[in-house]
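# sharing a model that was predicted from the sequence below.
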Amino acid sequence: MPPLLTLDGLSKSFGAVAALQDVRLELFGGEAHALVGENGAGKSTLVKILAGVYPPDAGTITLDGQPLSLSGPADARSAGIAVIYQEPTLFPDLSVAENIFIGRQPLRSLRRIDLAKMRARAAELFARLGVRLDPDRPARGLSIADQQLVEIAKAISLEARVLVMDEPTAALSGVEVERLFAVTRALRDAGAAVLFISHRFDEVFALCQRITVMRDGRRVSTGVTQSLTVDAVVRQMVGREVSAMFDKQPAAIGEPRLEVRGLTRHGVFADIGFTVHSGEIVALAGLVGAGRSEVIRAIFGIDRRDAGEVLVDGAALPNADTAAAIKAGIALVPEDRRQQGLVMELSVERNATLPRRWALTRAGLLFPGAESRAAATWAQRLQVKAARLTDPVATLSGGNQQKVVLAKWLATAPRVLIVDEPTRGIDVGTKAEVHRLLSTLAADGVAVLMVSSELPEVLGMADRVLVMHEGRLTADIPRARAGEEAVMLAATGQAAAA
Amino acid sequence: MMTVDAPPVRPQTRGARLARRAFLVRELGIALALGLLVAVTFAVNPRFLSAQNIKDLLLGSTILAILAVGQAIVVITRNVDLSVGSILGLSAFATGALFVAAPGTPIAVMLLAGVALGAVLGAVNGGLIATAKVPALVVTLGTLYVFRGLDYMWATGRQINAADMPPGFLRMGTDTVLGMPVLALFAAAVLIAVGYYLRHYRGGRELYAIGSDPAAARLSGIPAGRRVFAAFVASGALAGLAGVLHAARFGTIDANAGLGSELNVVAAVVVGGVAIFGGSGSVYGAALGAVLLTTIRAALPVLGISPFWQGAAVGALILAAIGLDRALSARVARSLRERNVTHV
């Protein structure tokens, strides 16, 4: 049987970064095919090419033996390719039913939208998925899991021949995952080709007939599931032994540095309480949308808290006062460095000295010399690779930009360092440097709170793992007992593994 | 294949009720404010509701309402069209000039010519925004001056008077059918047609989708560029129509017709509950906003409030409308969100 869809020699670069290099993939009708790899391996780029969002730099896509050229998402859809993205892409102001059928609503006479039929068909889809969702409610305010279910309903309604799912289960509970798999198997058995991307190996092995492993933008291998083991797949994904990746120094755990008690923000998270000691790295794990970033925003005073208190070294912080938080010794390295961590147009040295600009003034004036000297010290310590420190920070690679953000906050000599996804989208080498740096800081007595979605990073770096699920803390696992399974169970709300 | 044990979805559900209530509060709120204003003014001076005065109010609202409907189409897509006042000016002067050149032109042809001219100017806006990838605010701020400049160059200080236009055309500006001014009927027809399109047609819903989340619109394969272009053409065409009606109503046209009206239009749209960041609101609200602003202008002198305060009163109303809108959407968002967290 010839493949339904063939990708051959697919390459795609963003600037100097090669996201995909010469990737070949064959999908057969009636088969579920898994695509696995670490974050940054190029899976999402491949998905976006299949979805028609990015044009490939090189390579061909063949559907049913015919070359396929996708100039936009509409092309992919009309070719019968449906994509469920990792992050839901809904219209908050439109109703759930409209979100499912946007652009292809059922019509009645005079090409008017048949609202009753659209609603009925949406309800039908939800019944098939076994979920209770009101087709008439606006998508605004849906939980991530419910948003994902709407996306799945949308993909199913397309009756696609190729169904691409980029981590569809990341936010779903066990029952919902079972339902999704039942529907996916039904589609597969009806002749559709399924490309399934997931970090959960039990799902991959339960659903898929073949597994393709990617690493650093290349295809490493494709094999039949039955002849593979989880260990073998992980080894190919990582390309090295996992334990060697994290260079964690032993640190003496000291006094409580950061104490959070009963922290609540209505409708976002509730009753969050934990303590981070000096010398300790505490990871805050959980699924996308569990409320982790929101919690640290409230700790740092960006968002107002509705109840609870935050203490640094025993002293309570005022509510919603970022300046006081910085003064008390908290530093926050945000998740989105381009938007929140850096001023992209300013030079490296300007960015690096921004929080200390008052300390560097003389008679109220900021002299360039002082900035340059301070920045040069930190650039050297963190090994920032920049042609000149006066270049705009936008010209640096992602990893080096992240180092500038770190330098900027380390220069304030923080007592509590909060990092949100510290290694997202940066290369392996720099990742290791960031990890070593966090570890050194902890050894120097800094309390580190790390939000991370990468389980290996969480398990490799943290002395303790806190897990959040839908706005609540569901587990506090010490390093010795922290395993992939315990964290995932708590993150999906199936067990309070404390 | 699989078992289905989900309970049936009730037809009238809480989500639908919430969404509907938000809609009702927006549109009904404006209608209530309008009713209150009229009632108070009527109590102070009963002549405020004389047949003549009602007719004047409707006539006065017509042109602003048509512009507001066009503007709402654009604002829903998370854009703004500041050039509508200048398009109105050009279209009004073109109407007069065409009557001077060809006095026998039928009224229907004149209306079509105005709409076509406005559509062309709107296409210029839409084309610049699509090709230059510059925000609509900047592009239409530029064309605001360019179109007005063309108007001045064409008019060269001339004025076209009522005597230059056919009496049938001028009568259209003042005639009534069953008590309704003819011009207001134009506005009502435009309002109903556009409102129906936005609610019941794919293209209309896609305008809301684009304003609601432009990135998601792209991923959904919505031809966002084409739709936004069409929105500007529609806004321009309606401004062109408003220009012809302006000529019929006032009878005297110079190059200053519609000067400065763009901010009035945006105010009407915002007061009418159309979210300035797109995605929600309705043309009905925008039209109500236009009527409300016009009524305020007429009511303040009756209430003995100095004309100097009128601007401030309109400003306060805009702030109140935005405040109400924020409070409302925050409440709806919170109650929608709380339904999710409670089942933890």
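Right, received. Where do you want to start?
# quick one: the nearest residue in space to residue B:41 that is not next to it in sequence from residue B:320, how far?
Computed as CB to CB, 6 or more residues apart in numbering or on different chains, the closest residue to residue B:41 that is not its neighbour in sequence is residue B:299, at 4.2 Å. To be clear about C-beta, it is placed using only N, CA and C from the backbone, and glycine gets the same treatment. Between residue B:299 and residue B:320 the distance is 16 Å, computed by CB to CB, to the nearest Å.
# who has more neighbours, the two?
Per other CB atoms under 10 Å in any protein chain shown, whichever of residue B:299 and residue B:320 has more neighbours is residue B:299, with 21 against 13.
# helix, strand or coil: sort out the more buried one for me.
Following DSSP: H, G, I helix; E, B strand; the rest coil, we place residue B:299 in the helix state.
# okay, it: pLDDT?
At residue B:299, the model reports a pLDDT of 88.
# quick one, what contacts it?
B:37-38, B:40-41, B:48 (CB atoms under 8 Å, 6 or more residues apart in numbering or on different chains).
# are any of those residues buried, and which?
B:37-38, B:41, B:48 (16 or more other CB atoms under 10 Å in any protein chain shown).
# of all those, which comes closest to chain A?
Set against chain A, the nearest of the buried ones among the contacts of residue B:299 by CB to the nearest CB is residue B:37 (29.3 Å).
# which helix or strand lies directly C-terminal to the helix or strand encompassing the closest one?
Assigning secondary structure by DSSP states H and E places residue B:37 in helix B:14-44. Note on helix B:14-44: by DSSP H and E, the next helix or strand toward the C-terminus is helix B:51-76.
# which strands or helices does that following helix pack on?
helix B:84-101, strand B:180-181, helix B:182-200, helix B:202-212, helix B:224-250, helix B:261-271, helix B:283-302 (3 or more CB pairs under 8 Å, 6 or more residues apart in numbering or on different chains; DSSP states H and E).
# re the thing from before, any idea how far the residue nearest to residue B:41 lies from residue B:61?
From residue B:299 to residue B:61 the distance is 13 Å (CB to CB).
# and residue A:275, by the same measure?
63 Å.
# do residue B:217 as well
Residue B:217 is 33 Å from residue B:61, by CB to CB.
# and if you look at residue A:337?
51 Å.
# name the residue in those two with the higher neighbour count.
residue B:61 (27 against 23).
# hmm, that one is touching residue B:286, no?
No: counting by CB atoms under 8 Å, residue B:61 sits too far from residue B:286 to count as a contact (11.7 Å).
# hey, what's residue A:60 bridged with?
Beta-bridge partners for residue A:60, by DSSP bridges, are residue A:8.
# low-confidence ranges in chain A?
Scanning chain A for pLDDT under 70 picks out A:15-17, A:39-40, A:171, A:239-245, A:425, A:427-428, A:494-498.
# gap between the residue in chain A positioned nearest to chain B and residue A:103?
Nearest to chain B, among the residues of chain A, is residue A:137, at 2.1 Å (CB to the nearest CB). Counting by CB to CB, the gap from residue A:137 to residue A:103 is 20 Å.
# which of the two has more neighbours?
residue A:137 (22 against 18).
# and for residue 304, the neighbour number?
The chain I'm using is chain A. The number of residues near residue A:304, taken as other CB under 10 Å, comes to 11.
# that's the other chain; I wanted chain B
Residue B:304: 8 surrounding residues under other CB under 10 Å.
# okay, now the closest residue to it other than its chain neighbours: neighbour count?
Leaving aside its sequence neighbours, residue B:304 sits nearest to residue B:44 (CB to CB, 6+ apart; 7.7 Å). Other residues within reach of residue B:44, judged by other CB under 10 Å, total 13.
# list the contacts for residue B:44?
Counting by CB under 8 Å, 6+ apart, the residues that residue B:44 touches are B:302-304.
# repeat for residue B:145
Contacts of residue B:145 by CB under 8 Å, 6+ apart are residue B:86.
# how does it look with 10 Å?
B:82-83, B:86 (CB atoms under 10 Å, 6 or more residues apart in numbering or on different chains).
# out of those, who's near chain A?
Among the contacts of residue B:145, proximity to chain A is found for none (CB under 10 Å from any CB of the partner chain).
# for PyMOL, write a command that selects the buried ones of these.
The following PyMOL line selects those of those that are buried, judged by 16+ other CB under 10 Å:
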select buried, chain B and resi 82+83+86
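# so which of the contacts of residue B:145 comes closest to chain A?
residue B:82 (23.8 Å).
# how much space is there between the residue nearest to that closest one when sequence neighbours are not counted and residue B:147?
Nearest non-adjacent residue to residue B:82, counting by CB to CB, 6+ apart: residue B:140, 4.2 Å away. When distance is defined by CB to CB, residue B:140 is 10 Å away from residue B:147.
# the more surrounded of the two?
The neighbour comparison of residue B:140 against residue B:147 (other CB under 10 Å) goes to residue B:140, with 28 against 24.
# what helix or strand is the more buried one located in?
Here residue B:140 is assigned to helix B:136-155, by DSSP H and E.
# got the CA positions of that helix in CSV?
The C-alpha trace of helix B:136-155 is given here as CSV (Å, rounded to 0.1, in the frame of the first residue of the first chain):
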residue,chain,number,x,y,z
ALA,B,136,-5.0,51.3,10.2
LEU,B,137,-4.8,54.2,12.7
VAL,B,138,-1.8,55.6,10.9
VAL,B,139,-2.9,54.9,7.3
THR,B,140,-6.3,56.5,7.8
LEU,B,141,-4.9,59.4,9.7
GLY,B,142,-2.8,60.0,6.6
THR,B,143,-5.7,59.6,4.2
LEU,B,144,-7.9,61.8,6.4
TYR,B,145,-5.6,64.7,5.4
VAL,B,146,-5.0,63.6,1.8
PHE,B,147,-8.7,63.1,1.0
ARG,B,148,-9.6,66.5,2.6
GLY,B,149,-6.7,68.1,0.6
LEU,B,150,-8.1,66.7,-2.6
ASP,B,151,-11.5,68.2,-1.6
TYR,B,152,-9.9,71.6,-1.1
MET,B,153,-8.0,71.4,-4.4
TRP,B,154,-11.2,70.5,-6.2
ALA,B,155,-13.4,73.1,-4.6
